[in-house]
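> Could you work out the structure for the sequence below:
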Amino acid sequence: MKAKDFDAKFDEGVDDIIDDLDVTSARRVNQEAKRINVDFPAWVVESLDREAARVGVTRQSIIKVWLVERLRAEAANKPLKSDTASGAR
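Next up, the predicted model:
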């Protein structure tokens, strides 16, 4: 399909254009996974598991979410809510 035909379908509001795309080699830029190993004390793993169960996600998911939150806060040079509540920074 030519780009102008694809654009026309999109502009016409065609609901489903996914069949017109070749997604076999699609990838998210800067989202490639890289495996690492991290050792935690048992009490940390148990706490992570409790929190993950409370929220309804896996341990790996809660670790990823918390790390991303912290990295974004650091990048923005903003303290986390827990840091401001304890008087840190």
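
> Now find how far off-centre the lengthiest helix in the chain is within its chain.
Of all the segments assigned as helix in the chain under DSSP state H, the longest by residue count is helix 59-75. Here the centre of helix 59-75 is set off from its chain's centre by 9 Å, with C-alpha atoms, centre = their mean, to the nearest Å.

> Check which residues of it are buried.
Buried positions in helix 59-75, judged by neighbour count with 16 or more other C-beta atoms under 10 Å: 62-63. (Each C-beta comes from the backbone N, C-alpha and C, glycine too.)

> Against which helices or strands is it packed?
Helices and strands touching helix 59-75, by 3 or more C-beta pairs under 8 Å, 6 or more residues apart in numbering; DSSP states H and E, are helix 42-55.

> ok, back up a step: report the rounded mean pLDDT for the longest helix of the chain.
Confidence for helix 59-75, expressed as mean pLDDT, is 93.

> and the angle for that helix with helix 42-55?
Following axes from the mean of the first three to the mean of the last three C-alpha atoms, to 10 degrees, one obtains 100 degrees for the angle between helix 59-75 and helix 42-55.

> Only alpha carbons, please: show helix 59-75 as CSV.
C-alpha atoms of helix 59-75 as CSV (Å, rounded to 0.1, in the frame of the first residue of the first chain):
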residue,chain,number,x,y,z
ARG,A,59,7.0,-8.7,42.1
GLN,A,60,8.9,-7.7,38.9
SER,A,61,6.2,-5.2,38.0
ILE,A,62,6.3,-3.5,41.4
ILE,A,63,10.1,-3.2,41.2
LYS,A,64,9.9,-1.8,37.7
VAL,A,65,7.2,0.8,38.6
TRP,A,66,9.0,1.9,41.7
LEU,A,67,12.4,2.2,39.9
VAL,A,68,10.9,4.2,37.1
GLU,A,69,9.1,6.5,39.5
ARG,A,70,12.4,7.2,41.4
LEU,A,71,14.4,7.7,38.2
ARG,A,72,11.9,10.2,36.8
ALA,A,73,11.8,12.0,40.2
GLU,A,74,15.6,12.2,40.2
ALA,A,75,15.7,13.3,36.5
